[in-house]
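Chemist: structure for the following, please:
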Amino acid sequence: MQLTVRTVRWSVHALIKLAEVRKYVAQDKPQAAARLALRITNSVNTLVTFPYSGREGGLAETREWTIPGTPYIATYSVGDSHMQILSIHHDMTEQGGAKG
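Modeler: Got it, this is the predicted structure:
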């Protein structure tokens with residue numbers, strides 16, 4: 001299904017998770033952390049053209065977008081006029097924390 005939405009909105013939780021990713025990577029590679037955060041946000045922004053590009057998510061009415069070239073996944077929902085970014089997580093973790 002193709003639907004063009006107008007805006008991307010980030011939940012507070014998603015913004016916190018993005019900041020945590022950046023902080024974690026910055027411990028060893030500060031410049032890489034900035035590039036990674038930019039890559040994630042730019043990739044998510046491309047979804048406004050084809051918001052159903054991501055696979056169906058584990059929760060009802062959510063979708064997941066694997067950020068190209070990274071091990072990170074954005075979980076989001078699609079509304080009539082906007083997309084809501086719900087979370088950013090590493091593909092080796094579940095939304096609630098580490099596996100295992």
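Chemist: every contact and neighbour count from this point should use C-alpha atoms.
Modeler: Fine.
Chemist: what about the chain, any weak spots by pLDDT?
Modeler: For the chain, applying pLDDT under 70 flags the ranges 1-5, 93-100.
Chemist: run the last query once more with 80
Modeler: Of all residues in the chain, those with pLDDT under 80 make up the ranges 1-6, 92-100.
Chemist: and the strands in it?
Modeler: For the chain, the strands defined by DSSP state E cover 7-10, 55-56, 63-66, 72-78, 82-90, 93-94, 97-98.
Chemist: can you redo those strands as CSV with distance to Lys29 and mean neighbour count?
Modeler: Output for these, formatted as CSV (distance: least, CA to CA, whole Å; neighbours: other CA atoms under 10 Å):
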stretch, distance to Lys29, mean neighbour count
strand 7-10, 25, 16
strand 55-56, 31, 14
strand 63-66, 22, 21
strand 72-78, 17, 22
strand 82-90, 17, 20
strand 93-94, 21, 12
strand 97-98, 23, 10
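Chemist: mind putting those strands into CSV with distance to Asn42?
Modeler: Output for those, formatted as CSV (distance: least, CA to CA, whole Å):
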stretch, distance to Asn42
strand 7-10, 11
strand 55-56, 18
strand 63-66, 12
strand 72-78, 12
strand 82-90, 13
strand 93-94, 22
strand 97-98, 25
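Chemist: understood, closing this out.
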